[in-house]
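Engineer: the sequence and its predicted three-dimensional model are supplied below.
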Amino acid sequence: MTISSLSARRRHLTSFEKCYAVACQLRDTTGADQFVVRTDNPLQPFRVSRHQPTEPETILALVA
């Protein structure tokens with residue numbers, strides 16, 4: 001399954017922009033730095049984490 005085969009709504013909800021917005025909200029709420037990372041999971045291509053990711057995930061942004 002690839003991201004292009006997903007519905008338009010799921011593509012929007014799993015976009016980098018949406019994930020970055022969540023990271024910004026979490027940073028404002030918690031005061032903790034947040035990482036936006038790329039995953040190998042096509043259903044969740046990006047995620048937010050308070051901890052630096054390990055392989056095979058890649059840091060795309062740090063919201064500090």
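Structural biologist: Nice, I can see it. These figures come from a predicted structure and were not determined experimentally.
Engineer: buried ones in the longest helix seen in the chain, by neighbour count?
Structural biologist: Ranked by residue count under DSSP state H, the longest helix found in the chain is helix 16-30. Using 16 or more other C-beta atoms under 10 Å as the test for burial, helix 16-30 gives C19, Y20, V22, A23, L26, R27. Where you see a C-beta, it was placed from the backbone N, CA and C, and this is true even at glycine.
Engineer: which residue ranges of the protein form strands?
Structural biologist: 34-38, 46-49, 58-63 (DSSP state E).
Engineer: check which residues of the last one are buried.
Structural biologist: Right, strand 58-63. The neighbour-count check on strand 58-63 (16+ other C-beta under 10 Å) flags A61, V63 as buried.
Engineer: other residues contacting that strand?
Structural biologist: Residues outside strand 58-63 that contact it (C-beta atoms under 8 Å, 6 or more residues apart in numbering): 16, 20, 23-24, 26-27, 33-38, 46, 52-53.
Engineer: what about the closest residue to E57 other than its chain neighbours, neighbour count?
Structural biologist: In this structure, E57 finds its nearest non-sequential neighbour in V37, 4.5 Å apart by C-beta to C-beta, 6 or more residues apart in numbering. By the criterion of other C-beta atoms under 10 Å, V37 has 21 neighbours.
Engineer: and V37, how far from L43?
Structural biologist: Distance, V37 to L43, using C-beta to C-beta, to the nearest Å: 15 Å.
Engineer: and the longest helix of the chain, what does it pack onto?
Structural biologist: When contacts are defined as 3 or more C-beta pairs under 8 Å, 6 or more residues apart in numbering; DSSP states H and E, helix 16-30 packs onto strand 34-38, strand 46-49, strand 58-63.
Engineer: contact partners for the residue lying closest to F46 once chain neighbours are set aside?
Structural biologist: Distance criterion C-beta to C-beta, 6+ apart; nearest residue to F46, sequence neighbours excluded, is C19 at 4.0 Å. Residues near C19 by C-beta under 8 Å, 6+ apart: V36, F46, R47, V48.
Engineer: same thing but 6 Å
Structural biologist: Residues in contact with C19 (C-beta atoms under 6 Å, 6 or more residues apart in numbering) are V36, F46, V48.
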